[in-house]
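Undergrad: quick one, what's the 3D model for this:
(one chain, ligands or ions: 1)
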Amino acid sequence: MARLIIVSNRVAVPAEGKDAVSAGGLAVAVKEAFSSYEGLWFGWSGNIVEDPDPEPTLIDRGSIQYAVMDLSPQDHKEYYAGFANRALWPIMHYRIGLGAYSRSDYSGYQRVNQAFARALAKLVEPDDLIWVHDYHLMPLASELRGQGIANPIGYFHHIPWPAADVFNTLPASSELLRAMADYDLIGLQTEPDVQNLSRNFIDTMRAIPLGGGSLMVDGRRTRIRAFPIGIDVAGFKEAADKAGSNKVVRETMAGLRTRKLLIGVDRLDYSKGVPERMEAVDRFFASNPDQRGNVVYIQITPKSRSEVPEYEQLSREVNEKVGDINGTLGEPAWTPIQYVTKAYPRPVLAGLYRAARVGLVTPMRDGMNLVAKEYVVAQSEEDPGVLVLSKFAGAARQLPEALLVNPYDRFEVAEAIRQALYMPRTERLERWKPMMERMAREDVDWWARNFMTELEAFRTVERQPPRT
Ligand code: F6P
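TA: Residues are numbered from 1 along each chain as shown. This is a model prediction of the structure:
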C-alpha cells in the first residue's frame, strides 16, 4: 500500500491501545484521508520544552505512525502565537487592523518550518505523497524542496484566502506567495478563495494561467482548486440520534421546560462574531418583548489562544456583554443568555444541536465553519430546526437554504431569529431536506477522496524542476 504523509501544526496522537482519537475537524479529516493509505502524521507534539530535540519522536498506533516535534518557548511564541495567530490569522480573516506583524515572529515562523522540513525530509520515501495542512506551514513545501524532496506535495488551506489587496498588506506576503508555488496542488475552501489566490499569483508574481486551475509560477506548475471540507455525516447523525440518553443533554432539556432554544457553539475567536451575535439577540428581545422568558440562548465558547492579547481582550468583552444583557433583561426565573466556556464532546454537542430550534452561526468571516454543517446533520425530519448562517462563512455556499444574514447588521440577524422561531414545520422541512442531502453527498470522505485523486495525478507528471 502506498504511503501518505500528513503534516499539520497539531497532531492528535491517540492514547496507547487506541488507534484513533474521536476528536474534531482535522482529526476526522485526517483519519478519512488515511483510509486507503499507510499513514504517517507529522507535526507539533503539543509540548513546549527548553532545547527541543531536532529529531521527531516516533509513535506507532495501529495502522498510523506519528512523528512529533517539541517546540521551544521562543518557537511557540514567535511561530504559533506570533506570526501564525497575530499576523496571518487576522489578515486571512480580513481584519487588517488587528494584524500585528513583527520581524522576529516571522523569523521564528521560518525557523520552525525549516526545522520541521529538515526532520521530515529524513522520513520521506520516494513513493510517498505529502499533504500539508493550514497556514502554520505555508512555506513547508519550499523548505522540503530545498532538502531535495521532489515528491508530490499538496496543501490545504482551512481558512479564507482574502483579496490580494488585503493579503499584500502583510510585509512577508511576496515571500510567502513565492514559497507557496512549490506545492503541486493547493486546495482552498471555496471558489472565491481560489479566485483571490490565483489573482494574487497572477498580479504579484506574474504567474501565467495554463487553464484548468493551473498556473506557471517561476517555471513551476501549481494547481489551485476548491475542495470544501465536509463532516462525518453518518457518525454525527448517529451521535445526535443517541444523544437523548446523555446526562448533559437531558438536564439541559429539562431546564428549558417549554422554552425554545437558540444555540451558538464557537471557539472564542473574534472571527466568530460572538459579541456581535449577542447584540443581535439583545436586539431580538428588545423588539419582541413577548418572547422574553420564552426563549433561551446557550452560547458554548471554549477559550482558545489565550496567550494572544487580542483573544484575552475578546474574552473580557464577551464576559461584559453577557453580564450587561443578563443584568438588564433577566428575571430571577429567566436568564436570557447562558454562556459556557467549557468544551463539550461531540456527542453532547450533537444532542444540544438536535434540541435547539435555531442554530446561530454568524461568523464575521470563516473559511468553512463545520458547526453549521453539524447543526444541519443533527436535525431530525420530524421537527427540524432552522440554521441562521452568516453569508461570510464558506459553508453558506453549500447551505443556501439556511437563513443567510450579514453578521455586521444586528437588526437583520435579530429579524432572522424571529423568522426562524415562527417558521412553520413545512417550511423548515423544505429548507432542511436539500441541505441534509448535500451534506450527505459532500461529506468528509468526498473531500479527502477528491483531494487525494488530484494529488495522485502528480505521481505521473514528470518531476518538476525547483523554481528558478
Ligand atoms: O480553523 C483553523 C484551525 O487551525 C483549525 O485547524 C483548528 O482546529 C482551530 O483553528 C484551532 O486552532 P488552534 O490550533 O490554534 O487551537
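
Undergrad: quick one: stretch 88-108 to chain centroid distance?
TA: Distance, stretch centre to chain centre, for stretch 88-108: 18 Å (Cα atoms, centre = their mean, to the nearest Å).

Undergrad: and it, C-alpha only, in PDB?
TA: C-alpha atoms of stretch 88-108 as PDB (Å, rounded to 0.1, in the frame of the first residue of the first chain):
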ATOM      1  CA  LEU A  88      -1.500  35.600   9.300                       C
ATOM      2  CA  TRP A  89      -4.800  34.800  11.100                       C
ATOM      3  CA  PRO A  90      -6.300  38.300  11.200                       C
ATOM      4  CA  ILE A  91      -5.200  39.200   7.700                       C
ATOM      5  CA  MET A  92      -6.600  35.900   6.300                       C
ATOM      6  CA  HIS A  93      -9.900  36.900   8.000                       C
ATOM      7  CA  TYR A  94      -9.900  40.400   6.600                       C
ATOM      8  CA  ARG A  95      -9.000  42.100   9.900                       C
ATOM      9  CA  ILE A  96      -6.000  44.200   8.800                       C
ATOM     10  CA  GLY A  97      -6.400  46.400  11.800                       C
ATOM     11  CA  LEU A  98      -5.800  43.500  14.200                       C
ATOM     12  CA  GLY A  99      -2.700  42.300  12.300                       C
ATOM     13  CA  ALA A 100       0.500  42.500  14.400                       C
ATOM     14  CA  TYR A 101       3.500  41.700  12.300                       C
ATOM     15  CA  SER A 102       7.000  41.500  13.700                       C
ATOM     16  CA  ARG A 103      10.200  40.500  12.000                       C
ATOM     17  CA  SER A 104      11.200  38.300  14.900                       C
ATOM     18  CA  ASP A 105       7.900  36.400  14.800                       C
ATOM     19  CA  TYR A 106       8.300  35.900  11.100                       C
ATOM     20  CA  SER A 107      11.800  34.600  11.500                       C
ATOM     21  CA  GLY A 108      10.500  32.200  14.200                       C
END
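
Undergrad: now do the same for the closest residue to the ligand within the stretch 201-350 of the chain: its pLDDT.
TA: Closest to the ligand within the stretch 201-350 of the chain is S304: 4.9 Å, counting by Cβ to the nearest ligand atom. Every C-beta, even on glycine, is put in place using the N, C-alpha and C of the backbone. If you check S304, the pLDDT there is 91.

Undergrad: excluding sequence neighbours, find me the nearest residue to it.
TA: Residue nearest to S304 in three dimensions, not counting chain neighbours: R267, with 4.5 Å by Cβ to Cβ, 6 or more residues apart in numbering.

Undergrad: a strand runs through that neighbour, doesn't it?
TA: No. Secondary structure of R267 (DSSP: H, G, I helix; E, B strand; the rest coil): coil, not part of a strand.

Undergrad: ok now do it, which residues does it touch?
TA: Listed by Cβ atoms under 8 Å, 6 or more residues apart in numbering, the contact set of R267 reads 301-302, 304.

Undergrad: got a PyMOL select line for the buried ones in those?
TA: Selecting only the buried entries of the contacts of R267 in PyMOL, with 16 or more other Cβ atoms under 10 Å as the criterion:
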select buried, resi 301+304
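
Undergrad: which element follows the worst-scoring helix or strand of the chain on mean pLDDT toward the C-terminus?
TA: Of all regular secondary-structure elements in the chain, judged by mean pLDDT, DSSP states H and E, the least confident is helix 25-33 with a mean of 78. Toward the C-terminus, helix 25-33 is succeeded by strand 38-48 as the next helix or strand (DSSP states H and E).

Undergrad: what segments of the stretch 101-250 of the chain are strands?
TA: Assigned by DSSP state E, counting those that start in this stretch, the stretch 101-250 of the chain shows strands spanning 129-133, 153-156, 185-188, 208-211, 214-217, 220-226.

Undergrad: can you list the strands that the third one pairs with?
TA: Paired with strand 185-188 in the same sheet, following DSSP bridges, are strand 153-156 (parallel), strand 220-226 (parallel).

Undergrad: what's the answer for the fifth one, then?
TA: As defined by DSSP bridges, the strand partners of strand 214-217 come to strand 208-211 (antiparallel), strand 220-226 (antiparallel).

Undergrad: for the ligand, what is the nearest residue in the stretch 51-200 of the chain?
TA: H158 (4.6 Å).

Undergrad: that residue contacts M368, doesn't it?
TA: Yes. Assessed by Cβ atoms under 8 Å, H158 is found in contact with M368 at 7.3 Å.

Undergrad: list residues touching both of the two?
TA: Joint contacts of H158 and M368 (Cβ under 8 Å, 6+ apart) are 189, 229.

Undergrad: neighbour count winner among those two?
TA: Counted by other Cβ atoms under 10 Å, H158 and M368 do not tie: M368 has more neighbours, with 24 against 20.

Undergrad: list the contacts of M278.
TA: With contact taken as Cβ under 8 Å, 6+ apart, M278 is in contact with 299, 318, 321-322, 325, 337.

Undergrad: scan these and report the most crowded one.
TA: Most surrounded of these: other Cβ under 10 Å gives I337, at 24 neighbours.

Undergrad: so that one versus A67, what's the distance?
TA: 44 Å (Cβ to Cβ, to the nearest Å).

Undergrad: repeat that for T252.
TA: 41 Å.

Undergrad: again with E175
TA: From E175 across to A67, the span is 27 Å (Cβ to Cβ).

Undergrad: can you check R250 too?
TA: Distance from R250 to A67, by Cβ to Cβ: 42 Å.
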